[in-house]
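>>> Need coordinates for the below:
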Amino acid sequence: MKITLDLSNHCIETELKKRYNQSISEYFRKKTSDKNLERRIENLKTALTTLDFGRLRKEFPALAGHHDDEVILLFDSENNASILINGERINF
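Just a heads-up that it's a prediction; the model follows:
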């Protein structure tokens with residue numbers, strides 16, 4: 001799963017919380033099951049509970065917010081997360 005993040009106004013942690021809350025709201029508004037939405041919620045929850053946001057913001061200024069860099073959060077089939085900044089995968 002690929003989630004493009006907008007960090008032009010806030011940091012990665014705030015953006016992930018915002019996306020998580022939006023996804024939860026969407027889930028409860030829908031009247032039918034949506035496996036893709038359920039997977040996105042689970043992936044966002046995993047990211048929120050496992051990523052070291054302080055370290056990420058310190059080591060990668062683009063993740064601290066107020067940048068126009070392209071930031072993408074990726075999850076593989078086993079729910080392992082990785083982050084791309086301007087197409088470059090970062091290690092964390």
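
>>> Show me the helices in the protein, by range?
12-29, 35-50, 53-59 (DSSP state H).

>>> will you turn those helices into a markdown table that also has mean pLDDT and mean neighbour count?
The C-beta positions use only the backbone N, C-alpha and C, and glycine is treated the same way. Below are these laid out as a markdown table (pLDDT from 0 to 100; neighbours: other CB atoms under 10 Å):
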| stretch | mean pLDDT | mean neighbour count |
| --- | --- | --- |
| helix 12-29 | 96 | 15 |
| helix 35-50 | 94 | 15 |
| helix 53-59 | 96 | 13 |
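
>>> right, and the ones you listed - which one's nearest Ser82?
Proximity to Ser82 (CB to CB) singles out helix 35-50 among the helices of the chain, at 10.5 Å.

>>> confidence score at Lys31?
Looking at Lys31, its pLDDT reads 76.

>>> What's the local residue count around it?
Number of residues near Lys31 (other CB atoms under 10 Å) recorded here: 5.

>>> Lys45 versus that one, what's the distance?
23 Å (CB to CB, to the nearest Å).
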